[in-house]
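J.: sharing a sequence plus its predicted fold:
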Amino acid sequence: MDSLQDLRRALRAFAEERDWRQYHSPKNLAMALCGEIGELAEPFQWLTEEESKHLSGTQRQAVAQEMADVQLYLILLADALELDLLEEARNKMRINAERYPVAESRGRSVKYTEL
């Protein structure tokens, strides 16, 4: 699959083949996404900042799997809400560029309301 749309179509077909779309309400998908994000955070829970940058092969594979789960649920949620995830991401990047001008935000980790 070469595009987000290809992946979206494949996910839709995967769910339809299993009669799972009936469970894919926005609420259920958002809750599943939260669970997957928790699973993504788990391997990092007790690591130092430095350790989190140098994962073992096993840790890296586990993180990659959870990242994929997060992405898949996010795509399913966008599909359920009929949102173009790439377009929404582009819009958010434009908003963030306005909120965080380089001259005011470079090297700072404060919220835009505090710049």
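T.: Yep, it's here.

J.: could you check how far Glu50 is from Pro43?
T.: 15 Å (C-beta to C-beta, to the nearest Å). Just so you know, the C-beta spots here come from the backbone N, C-alpha and C atoms, and that holds for glycine as well.

J.: do the same with Asn91
T.: 31 Å.

J.: so between these two, which is more surrounded?
T.: Pro43 (18 against 11; other C-beta atoms under 10 Å).

J.: from what I see, the more buried one and Gln65 are in contact.
T.: No. Between Pro43 and Gln65 there is no contact under C-beta atoms under 8 Å: 10.1 Å.

J.: where does Asp19 fall, secondary structure wise?
T.: Asp19 is part of no helix or strand, with elements assigned from DSSP states H and E.

J.: 308 is where my numbering starts, stick with that
T.: That works, and once the first residue is 308, the last one we named lands at Asp326.

J.: next, count neighbours for it.
T.: Around Asp326 there are 8 residues (other C-beta under 10 Å).

J.: model confidence score at it, please.
T.: On pLDDT, Asp326 comes in at 98.

J.: quick one, phi psi at it?
T.: Per-residue torsions, Asp326: phi 60, psi 40 (degrees, to the nearest 10).

J.: again with Leu388
T.: phi -100, psi 0.

J.: look up the pLDDT of it for me, please.
T.: At Leu388, the predicted lDDT confidence score is 97.

J.: for the nearest residue to it once chain neighbours are set aside, which residues are in contact?
T.: Nearest non-adjacent residue to Leu388, counting by C-beta to C-beta, 6 or more residues apart in numbering: Pro333, 5.6 Å away. By C-beta atoms under 8 Å, 6 or more residues apart in numbering, the contact list for Pro333 reads Leu384, Ala387, Leu388.

J.: alright, I will stop here.
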